[in-house]
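**Student:** any chance you could fold what I've pasted below:
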Amino acid sequence: MVSQANSGHLGMPLGCTECMAVLFGQFLRFLPKNPRWINRDRFILSAGHGAPLLYAFLYLSGYDVTLEDLKKLRQFGSKATGHPEFGVTPGVETTTGPLGQGVGNAVGIALSQKKLASECNTSEYTIIDNCTVCLCGDGCLQEGVGQESIALAGVWKLDNLILIYDCNSITLDADITVSQAEDTRQKFEDLGWEVFEADGHDIGAISQVLDQCRVLKGKPKVVLLKTVAGYGLSVEGTAKAHGAVGLKDGAEAKKKWGLDGKEPFFIPEETKRFFEKRIAKLQKAYNAWAETFEAWCEAEPEKALRLAKKANVGENFFQSFTGDTKPQATRTCAGELLNAYAQKVSIVLTGSADVFGSVGNYLKNCGDFSPTNPNGRNLFFGVREHAMGAILNGIVYDGFYQPSGSAYLVFSDYLKPSLRVAALARLPVWYFFSHDSFAVGEDGPTHQPIEQLAGLRAMPNVHVYRPADFDECAACFQRAAEDHEGPSVFALSRQVLPYVSVLCKEEKFEGSCHGGYVLLREREPLRCVLIATGSEVSLALRAAERLGAFVRVVSMPCCELFLEQSDEYKEKVLPKACTRRVAVEAAATQPWYRFVGLDGFVFGIDRFGQSAPGEVLSGKFGFTPEKLVEKIKEAFGF
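**Tutor:** Take a look at the predicted model:
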């Protein structure tokens, strides 16, 4: 495959062939005709550069992957993508490639299955008893997300998780000793893991260790698999074995393995017959499980219905909560709405990177997830934003829960790689990011977000919501609950904001559901439009009062959602004829020029903040009605 594509990695595929042969030929329980069977063993290739090896075994195992797909590795339209992609290739559980993400995904999937087993299994029927297997490399565990994730797996005692660590002792640049000196066994033991070792080129040894891992309870398990990268090539065991350098050795290596050195994509008849028997055996095992499942469905109809449960709340569920007119921070609004959502939908979970008390997304009376309480719906990640993102992705990949996470907006940067993968895989994970502007105040510029909103809005498939009050927040929740095609990000204020009362709650809710709407309509011929979000909506309204009746104020809690509306709707809100437009937001100005055009301007902040009370900074940075009016008059000559 790599030779045909003239692109790809050889080191891990050749070094882990025996391991994958044991996994797909003997150990894993799966059903190729039903890749999403609920009690299948989950296999995650965190070392995504080894994708050719995975695709080969998916093909041999009877998944909907053809030989033509393998011949088109890394080519446009092929199921054999450069790195594994969820939703593209049957049998691929998660999108991997950025190293370490798969480790976090595996922890999330194992957690999801722990919860599901606790909800579904009874003393008479065991419906969920699978395991999650993750194959990772040195790079996955050098990445911070990998380290954070294995620490949490140990805390949570996820004994349905097996991590296979491909210890080939090299990285892309050099021998592992130039960048790593830790005692790997000791580290895993200290983190609460059961540690095994095996020769990665001894099929019997691998099989024996994996069988031990399946039955051992109480801890997650790691297998330190000693392998040789690029096994069989002249560059085996060296950094050069990672890439395509060894292609010139292909013919000779095949001869060493007893294969035809000249025939590409050759599969021995013996191998074909072996996997035909293996598929039949898997089907037989599934049929036995299906009989138990059918009996369980009859005996436990309410539990059976739970498996089909989705995070749907019905049309305009959140509208019933509008009308809370008291001034409050939007983080408080979001916390109340999330709790209402969780009471309505039992599969809603939430987690926090050590800021539950500050962001306010803790689910009341729902318990905390732990080894002794797998039914708990609050996940404590500690100060581990990156792992939180990867683990939440894993939960969503598994398909049984609707999770969310929280952090401060400025520290969304710590989890951006996980969020990007969620966007790429179109995972409907939610995030609550509070402290959304320099109004954070005294904590200073390290905690005052500037460029974060721009970065999040630049990411495809992400909806960024920045509501101005409770009514807008409720509408944003409604749209997020209906959106199953990507992440939803809520940027929320720490400071108390006034309730916006210039429009009735019904019209605010409906308008916010379109991403942007006319909040204050002009009473004279239109000469200027102010566009604002979140905490700056009230600022724009006060400026409009001072400017006169010719000003329109548009609230735009979600730019991406507004851009998805019809041209007719967008024209009604932002008429092309009115070019005097001002965007008002306490953040970087860059995203707003598409709305204000060349004749408008953006009233934002393109510098880092300072340490001072928020109200002092508002004056210093010019975020006052007086300063905004002055800038508008200066720009447009009013």
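**Student:** where does the chain have low pLDDT?
**Tutor:** For the chain, residues meeting the criterion pLDDT under 70 lie at 243-247, 261.
**Student:** with just CA atoms, put stretch 456-476 into PDB.
**Tutor:** Listed next in PDB are the C-alpha coordinates belonging to stretch 456-476 (Å, rounded to 0.1, in the frame of the first residue of the first chain):
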ATOM      1  CA  LEU A 456     -12.700  29.300  17.600                       C
ATOM      2  CA  ARG A 457     -14.800  31.000  15.000                       C
ATOM      3  CA  ALA A 458     -12.200  30.200  12.300                       C
ATOM      4  CA  MET A 459     -12.600  26.500  12.900                       C
ATOM      5  CA  PRO A 460     -15.000  24.700  10.500                       C
ATOM      6  CA  ASN A 461     -18.100  22.900  11.800                       C
ATOM      7  CA  VAL A 462     -18.000  24.800  15.100                       C
ATOM      8  CA  HIS A 463     -20.900  27.000  16.400                       C
ATOM      9  CA  VAL A 464     -19.600  29.700  18.900                       C
ATOM     10  CA  TYR A 465     -22.400  31.100  21.000                       C
ATOM     11  CA  ARG A 466     -22.000  34.400  23.000                       C
ATOM     12  CA  PRO A 467     -25.400  35.300  24.400                       C
ATOM     13  CA  ALA A 468     -26.300  38.600  26.000                       C
ATOM     14  CA  ASP A 469     -28.800  37.400  28.600                       C
ATOM     15  CA  PHE A 470     -30.900  34.500  29.700                       C
ATOM     16  CA  ASP A 471     -33.300  34.600  26.800                       C
ATOM     17  CA  GLU A 472     -30.500  34.500  24.200                       C
ATOM     18  CA  CYS A 473     -28.700  31.800  26.200                       C
ATOM     19  CA  ALA A 474     -31.900  29.600  26.100                       C
ATOM     20  CA  ALA A 475     -32.100  30.000  22.400                       C
ATOM     21  CA  CYS A 476     -28.500  29.100  22.000                       C
END
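**Student:** for it, which positions count as buried?
**Tutor:** By neighbour count on 16 or more other CB atoms under 10 Å, the buried set for stretch 456-476 is 456-457, 459, 461-476. In this view, the C-beta of every residue, glycine as well, is placed from N, C-alpha and C.
**Student:** among these, which ones are in strands?
**Tutor:** 463-465 (DSSP state E).
**Student:** wait, which of those is closest to Ala583?
**Tutor:** Val464 (14.5 Å; CB to CB).
**Student:** where does Glu119 sit, in terms of helix or strand?
**Tutor:** Glu119 is located in helix 101-120, with elements delineated by DSSP states H and E.
**Student:** next SSE downstream of that helix?
**Tutor:** strand 132-137.
**Student:** contacts for the helix or strand following that next one, please.
**Tutor:** Downstream of strand 132-137, the next assigned helix or strand under DSSP H and E is helix 138-142. For helix 138-142, contacts defined as CB atoms under 8 Å, 6 or more residues apart in numbering pick out 46-47, 99-100, 102-103, 146-147, 150, 165-172, 176, 179-180.
**Student:** just checking, which of the residues you listed belong to helices?
**Tutor:** 102-103, 146-147, 150 (DSSP state H).
**Student:** for these, give me a markdown table that also has neighbour count and distance to Phe432.
**Tutor:** A markdown table is the format used below for the ones in helices among the contacts of helix 138-142 (neighbours: other CB atoms under 10 Å; distance: CB to CB, whole Å):
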| residue | neighbour count | distance to Phe432 |
| --- | --- | --- |
| Gly102 | 31 | 25 |
| Val103 | 33 | 24 |
| Gly146 | 29 | 25 |
| Gln147 | 18 | 25 |
| Ile150 | 29 | 26 |
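**Student:** for the spatially closest residue to Glu485 that is not a sequence neighbour, pull up the helix or strand it's in.
**Tutor:** Distance criterion CB to CB, 6 or more residues apart in numbering; nearest residue to Glu485, sequence neighbours excluded, is Arg426 at 5.0 Å. Using DSSP H and E, Arg426 sits within no helix or strand.
**Student:** so where do the strands sit in the stretch 301-450 of the chain?
**Tutor:** 350-352, 378-380, 404-408, 430-434 (DSSP state E, counting those that start in this stretch).
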